[in-house]
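A.B. asks: only geometry, no sequence info:
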């Protein structure tokens, strides 16, 4: 009942913001970083609680940078292994 009362006092913009944040959080939880960041960017456009949204976007960026670094390491190791087998 309290949840329904809380929802009825929110503006449409606040409801949209909470929905976008919830979707972003759900994607972040399962490590789908690009969709999460996309939802957070849409939430940021609503200009509500921008500090919290910017922190979430920064978290996505940090994890995405780590992901790219890991991919480059895997590519380098694969190339080295492939070259090793080619030379043998």
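C.D. replies: Great, that's in hand. Note that the structure is a prediction, hence the values are computed from the model and not measured. Numbers count the residues shown, from 1 in each chain.
A.B. asks: C-alpha from now on. contacts and neighbour counts both.
C.D. replies: OK.
A.B. asks: Do a quick rundown of the helices in the protein.
C.D. replies: 2-8, 12-29, 33-44, 50-87 (DSSP state H).
A.B. asks: so which of the ones you listed is the most packed in?
C.D. replies: Of the helices of the chain, the one with the most neighbours on average (mean count of other CA atoms under 10 Å) is helix 33-44, at a mean of 20.
A.B. asks: what mean pLDDT does that one have?
C.D. replies: Averaged across helix 33-44, pLDDT comes to 97.
A.B. asks: Point out the other elements, helices or strands, that that helix touches.
C.D. replies: For helix 33-44, the elements it packs on are helix 12-29, helix 50-87, judged by 3 or more CA pairs under 8 Å, 6 or more residues apart in numbering; DSSP states H and E.
A.B. asks: lowest-pLDDT helix or strand in the protein?
C.D. replies: When the helices and strands of the chain are scored by mean pLDDT, DSSP states H and E, helix 2-8 comes last with a mean of 58.
A.B. asks: rewinding a little: need the least confident one among the helices and strands packed on helix 33-44, by mean pLDDT.
C.D. replies: With a mean of 90, helix 50-87 has the lowest mean pLDDT of the helices and strands packed on helix 33-44.
A.B. asks: which residues touch stretch 21-32?
C.D. replies: Contacts with stretch 21-32, where a contact means CA atoms under 8 Å, 6 or more residues apart in numbering, come from 33, 35, 36, 37, 38, 39, 40, 43, 60.
A.B. asks: separation between the closest residue to the second one other than its chain neighbours and residue 78?
C.D. replies: Right, residue 35. Once flanking residues are discounted, residue 35 sits nearest to residue 27: 6.5 Å by CA to CA, 6 or more residues apart in numbering. Separation of residue 27 from residue 78 (CA to CA, to the nearest Å): 30 Å.
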